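Chemist: Sequence and predicted structure, then a few things I'm wondering about:
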2 protein chains.
Amino acid sequence: MQHVGNGDSVANEGQRSEEGVGMAGNFGLKGCRKIQGPQLRGLIDAKDVFLFDCDGVLWHGEAAISGASAVVNSLVTRGKRVLFVTNNCTRPRENYVSKFNQLGFADVVREQIFSSSYCSALYLRDVVRVQGQVFVIGCDGMRTELREAGVQFVEENDPPDATIYDCALTPDVKAVLVGHDDKLTFLKLAKASCYLRDPDCLFLTTDNDPWHPLRNGRILPGSGCLTAALEVATGRKATVVGKPSRFMFECISSQFTGIDPAQCLMVGDRLETDMLFGTNCGLDTMLTLTGISQMEEAQEYRDSEHSTNQSFVPDYVVDTIADFLPAIEELN
Amino acid sequence: MQHVGNGDSVANEGQRSEEGVGMAGNFGLKGCRKIQGPQLRGLIDAKDVFLFDCDGVLWHGEAAISGASAVVNSLVTRGKRVLFVTNNCTRPRENYVSKFNQLGFADVVREQIFSSSYCSALYLRDVVRVQGQVFVIGCDGMRTELREAGVQFVEENDPPDATIYDCALTPDVKAVLVGHDDKLTFLKLAKASCYLRDPDCLFLTTDNDPWHPLRNGRILPGSGCLTAALEVATGRKATVVGKPSRFMFECISSQFTGIDPAQCLMVGDRLETDMLFGTNCGLDTMLTLTGISQMEEAQEYRDSEHSTNQSFVPDYVVDTIADFLPAIEELN
């Protein structure tokens, strides 16, 4: 798997802010600094742009995390720019706008939302400028964003008894895009494998998330599973569009002028996507403990002998985004 | 992925025969020795047991490779023991017997056939002695072998609109067995992922083959793809029952007395399964060029600086198994 983003639009790569409340490195081991009260207030004061992951940070499924909407609303009221960066490819942005509003996040507009589906459509249209059709292993959210971006994709219409031995293959498929697909079939996997035999056919994945938690201890296999299956079948590596790839930040930088990585805080719940994304883009990072990754895992990365593991270490840690509330209220 | 087989029943591990026509090592670089005529006759004379992979060695799909049946029949007539070791899990052994007979291989009986389905059933019954049901991502050939071995497995009866959010999970699943499944659905992957959250639930795969060639340049994703998907979803590694695991040879050794690895020749078409299997079991190995791997790939492994790559290098190479014919005819 390789991550896209050439960094042309990302200033100060690898440089981290030393302003505001100062880096955790000033306090001994770098990172994993539990932050609240006046220090959190100082951090919020120092940052202009807040990038929030959604699942596990702002909500769990259809239930908002307590205080999350008040935090986002207050940040906006205080003149902060709030953006949402999610690897969840299942919803088109319009649908996210509705969800935000239903859950009490006021006045969120689609321009604030950077989903892996939307960014995949932009990548296909603007970066690789795909000439031909896209074969999608994915969901309606992906197809909606492709359609809105004017990217052509194959409409599936195989008869129910079609097999890879006798099905039709579309001649002008120039990219395979993999994401969450709860209607996955073996035939889809097989067709994608056949298209990818052509080295000129691009191989993209919305994200590389391995799994997602459900209620009752169940899990949902993530896009990373289906991508891994195709990587084995084809001997190729997919290009990841979503976090931790820098491309999402390049999309943001291309749509809002004057975004300075040093003025951004990336808040997320998964070390291997959200924190690495922040590190890759030169942003300060914050882990919130309401989602997948826990403090112990972050500390294991921090204490690891492998220097590459430092990229997963959050600068800051909060128990929940609700910890922002008292800090924001004391802002001038 | 890890390979099973503790080697208790495999004598002389790592020792290779120096009898008969001598090892390729006597002729400079070890392995990849193209062999025919008197040298091939000497090799055949020196070996008692011939293990043949099937697809790509004896047949392509439903068409026998020219001369293959005559070779097998002649070896048997000359008193050689011929066994078939295949990672193709789609057929039960009875079905293989029919196929052999239809393609002109005389008098093949099921006791000669060691398929990854059959060996998986034996592994579950006799080695791990599974207590509970097996969840199968696989095909009828696997279910038939499990049933014949008396291994209980979950009968799927989800309504068509079931999802991982609301479907029933069987409480006593103690193993997930993955193989070829042309009826794969996302729900099956998700259910398997949920079962494997229990660390006491075993994770097995019939084989780890990445893909199989079809006609017209198409490919069929192999069991290794579906296994990779579940490995990503669960963070676990599957135990591989089929080649290159030694377990298939242990099955053979347990069912035929006096099998001496030094007296065996493993003939196959895939370096990463057949040749590695032979190496792992201490057998001389022969690559036939009628299937997947080509001479150049074998030579790349041979010339590689990584010593582990030597395990993929065949001792001998023939263009086709039909090369055996003139050599056998000159045997006493």
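Modeler: Yep, that arrived. Quick caveat, the model's predicted, so the values are computed rather than measured.

Chemist: Where do the helices of the stretch 201-332 of chain A begin and end?
Modeler: Counting by DSSP state H, counting those that start in this stretch, residue ranges of the helices within the stretch 201-332 of chain A are A:223-234, A:247-255, A:276-281, A:295-303, A:324-329.

Chemist: Centre of the chain to the third one, how far?
Modeler: Averaging C-alpha positions (CA atoms, centre = their mean, to the nearest Å) puts helix A:276-281 11 Å from its chain's average.

Chemist: Other residues contacting that helix?
Modeler: Contact partners of helix A:276-281, identified using CB atoms under 8 Å, 6 or more residues apart in numbering or on different chains, comprise A:3, A:5, A:10, A:13, A:51, A:85, A:243-246, A:248-249, A:261, A:264, A:266, A:268, A:283-285, A:310-312, A:314. Quick note: C-beta positions are derived from backbone N, CA and C, even for glycine.

Chemist: Mind checking which of those residues are in strands?
Modeler: If you go by DSSP state E, these have A:3, A:51, A:85, A:264, A:266, A:268, A:284-285 in strands.

Chemist: The residues you listed: which two are farthest apart?
Modeler: Across the ones in strands among the contacts of helix A:276-281, the longest distance by CB to CB is 19.8 Å; it joins A:H3 and A:D284.

Chemist: Neighbour count: these two, which is higher?
Modeler: A:D284 (26 against 17; other CB atoms under 10 Å in any protein chain shown).

Chemist: List, one by one, the residues from the stretch 101-250 of chain A near chain B.
Modeler: Contact residues (CB under 8 Å from any CB of the partner chain) of the stretch 101-250 of chain A with chain B: A:163-165, A:169, A:181-187, A:189-190, A:193-194, A:197, A:210-211, A:214, A:217-222, A:224-226, A:228-235.

Chemist: Any of these buried? List them.
Modeler: Buried subset of those (neighbour count, 16 or more other CB atoms under 10 Å in any protein chain shown): A:164, A:181-182, A:184-187, A:189-190, A:193-194, A:210-211, A:218-222, A:224-226, A:228-234.

Chemist: wait, what's in contact with A:L196?
Modeler: By CB under 8 Å, 6+ apart, the contact set of A:L196 is A:176, A:203, A:230, A:233-234, A:236.

Chemist: I'd say A:A229 and A:L189 touch.
Modeler: Yes: taking CB atoms under 8 Å as the definition, A:A229 is a contact partner of A:L189 at 6.0 Å.

Chemist: any residues in contact with both of those two?
Modeler: Here A:A229 and A:L189 have B:221, B:225 as joint contacts, going by CB under 8 Å, 6+ apart.

Chemist: just to revisit the earlier point, looking at the helices of the stretch 201-332 of chain A, which is closest to B:Q133?
Modeler: Nearest to B:Q133, of all those, is helix A:223-234, at 23.2 Å by CB to CB.

Chemist: Which is the succeeding secondary structure element to the helix or strand in which A:E145 is found?
Modeler: Assigned by DSSP states H and E, A:E145 falls within helix A:140-149. Helices and strands here follow DSSP H and E; after helix A:140-149, the next one along the chain is strand A:173-178.

Chemist: next one: the helix or strand following that next one to chain centre, how far?
Modeler: Beyond strand A:173-178 on the C-terminal side, the first helix or strand identified by DSSP H and E is helix A:186-195. Distance, stretch centre to chain centre, for helix A:186-195: 26 Å (CA atoms, centre = their mean).

Chemist: residues contacting A:G138?
Modeler: The contact partners of A:G138, by CB under 8 Å, 6+ apart, come to A:89, A:117, A:177-181, A:206.

Chemist: Look up the pLDDT of it for me, please.
Modeler: What the model reports as pLDDT for A:G138 is 97.

Chemist: cool, A:S17 as well?
Modeler: At A:S17, the predicted lDDT confidence score is 41.

Chemist: Over to A:N157?
Modeler: 85.

Chemist: Please apply the same query to A:G20.
Modeler: 37.

Chemist: Check A:A322 too.
Modeler: At A:A322, the model reports a pLDDT of 97.

Chemist: Check A:Q39 too.
Modeler: Looking at A:Q39, its pLDDT stands at 95.

Chemist: Quick check: it vs chain B, distance?
Modeler: Distance of A:Q39 to chain B, given as CB to the nearest CB, to the nearest Å: 34 Å.

Chemist: for A:G179, same thing?
Modeler: A:G179 is 12 Å from chain B, by CB to the nearest CB.

Chemist: Good, we can wrap up now.
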